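Chemist: With the sequence up front, the predicted model follows.
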Amino acid sequence: MVDFEKMPLIPAIVQDADSGKVLMLAYVNREALRLTMETGTAWFWSRSRKELWNKGATSGNFMHIVKVMVDCDGDTLLYLVHPDGPACHTGNESCFYREYVGE
């Protein structure tokens, strides 16, 4: 379903399974997706640090997987989660807390 040969990194939208609020967007590779499915918590590939990253390992704000959905093209994932705390490193519930009003 997901073609990591064509796209080694694919976006994963993280959404609160109860409220429906979009919490964050991150990228996954094959190993991150495998670990997510194996452990039941969200794993990503950090593009800046160039390493696997288990969301919550440092902050304690783990994202517990309820379901992983794949889009019709097989190039985007949706993680439905129960979060232990804020998704954003700033302490905000969601990484999407600022409105863009133009340049």
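Modeler: Looks like it came in fine.
Chemist: what about the nearest residue in space to Val22 that is not next to it in sequence, helix or strand, and which?
Modeler: Sequence neighbours aside, Gln15 is the residue nearest to Val22 in space, at 5.4 Å (criterion: Cβ to Cβ, 6 or more residues apart in numbering). Using the backbone N, CA and C atoms, a C-beta is placed for each residue, glycine as well. Assigned by DSSP states H and E, Gln15 belongs to strand 10-16.
Chemist: tell me what that strand is packed against?
Modeler: Here strand 10-16 touches strand 22-28, strand 77-83, going by 3 or more Cβ pairs under 8 Å, 6 or more residues apart in numbering; DSSP states H and E.
Chemist: counting contacts, what elements does the first one pack onto?
Modeler: Here strand 22-28 is seen to pack against strand 10-16, strand 43-46, strand 77-83 when contacts are counted using 3+ Cβ pairs under 8 Å, 6+ apart.
Chemist: by how many degrees do that strand and strand 10-16 diverge?
Modeler: Angle of strand 22-28 versus strand 10-16, following axes from the mean of the first three to the mean of the last three Cα atoms, to 10 degrees, is 150 degrees.
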